[in-house]
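Novice: Prediction below, plus the sequence it came from.
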Amino acid sequence: MQTAMPRVVAGQSGTSEHELRKRFSAVSGWRGGLDLLGHWLAIVAVAWAATTVGHWAGYVLAAIIIAGLQHGLINLTHEAWHRLCFRNKRVNDVVGAWFYCYPVGMPYYHDRRRHWDHHRLIGRHDDPDWLNYSNDGRVPASRLLLFLGGRLLGSQLVVSVYNLLINRRARIEVQPASRDQRLPSPAAELVRVVACQVGLIGFFALIGPWWAYLVLWVWPLTGPASVFIAIRAFAEHASEDDDAPVDERLYDFSPNPLEAFFLSPCHSGYAVCDVASEL
Ligand SMILES: [Zn+2]
């Protein structure tokens, strides 16, 4: 995977950084619809193929492909947080919440607030996403492998459930003071997340055994997708120096198609979007 800083990309293409930001933040309704349909049709097709074939190897292959598509849903959630999926704000938020965010177990409005704080505080130790790209727990290489191995086995699910049930808060929580009281509360969003999971169980029970929900949805999400996301979130802003300033923490990536599918779906490899965001 090749990397470059945003201003280098802008210079190479003969386009100013401002023009590049404007181009990347233009909203295309047809592209938004294509992303929505493309991801869900692919998920349905892959799940249906695995349950029809019924071989364990087919389930494993399907789960890994679905993990890439789930990463895509998460990156589309990011686009929706920035109102970049659809021009109509209501359509943008309904699709972002119900078709992208809740199916992957995340609260849309709560995490949008958190993400906006991330943009404001990026590179600082009080950035709510700091734990995603700091060097804590990632050196030496054996600790990194242990971390990624743990992710593959579902450690993030364990931590999230522990925080929710025992600490009664999200893994990365927004301060109540910065929460917009007109928006659904985290508890209300949790109900919506559960409703989506019930719908997904129903879907899997319809096309095959009900436990396909665990093998083809829960495991991909909490195992391989969690690893793909950890790599992407770290690579986006990591630095060997934990005190490096923000302008040394924004990277563009030029992934090959396989890397793009699993590690930076939906063109998420362009850091210029991070500095371009209209919040
Ligand atoms: Zn963003």
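Specialist: Sure, I can see it.

Novice: pLDDT weak spots in the stretch 51-200 of the chain?
Specialist: For the stretch 51-200 of the chain, applying pLDDT under 70 flags the ranges 168-179.

Novice: Going along the chain, name the helices of it.
Specialist: Here the stretch 51-200 of the chain has its helices, by DSSP state H, counting those that start in this stretch, at 56-81, 89-95, 108-121, 130-133, 141-152, 155-162, 186-207.

Novice: Of the ones you listed, which is nearest Ile229?
Specialist: When the helices of the stretch 51-200 of the chain are compared by C-beta to C-beta, helix 56-81 sits nearest Ile229, at 6.0 Å. Backbone N, C-alpha and C define where each C-beta goes, glycine included.

Novice: which other helices and strands contact that closest one?
Specialist: Packing partners of helix 56-81 (3 or more C-beta pairs under 8 Å, 6 or more residues apart in numbering; DSSP states H and E): helix 29-53, helix 89-95, helix 108-121, helix 219-222, helix 224-237, helix 257-262.

Novice: Comparing the helices of the stretch 51-200 of the chain, which comes out most buried?
Specialist: Of all these, helix 56-81 has the most neighbours on average by mean count of other C-beta atoms under 10 Å, namely a mean of 21.

Novice: Check the gap between the residue lying closest to Cys101 once chain neighbours are set aside and Gly58 for me.
Specialist: Of all residues not flanking Cys101 in the chain, Tyr108 sits nearest, at 4.0 Å (C-beta to C-beta, 6 or more residues apart in numbering). Shown here: Tyr108 relative to Gly58, a distance of 32 Å by C-beta to C-beta, to the nearest Å.

Novice: Kindly report the same for Leu258.
Specialist: Counting by C-beta to C-beta, the separation of Leu258 from Gly58 is 20 Å.

Novice: same deal with Pro140?
Specialist: 38 Å.

Novice: Could you do Arg83 as well?
Specialist: Taken as C-beta to C-beta, the span from Arg83 to Gly58 is 39 Å.

Novice: Thanks a lot, catch you later.
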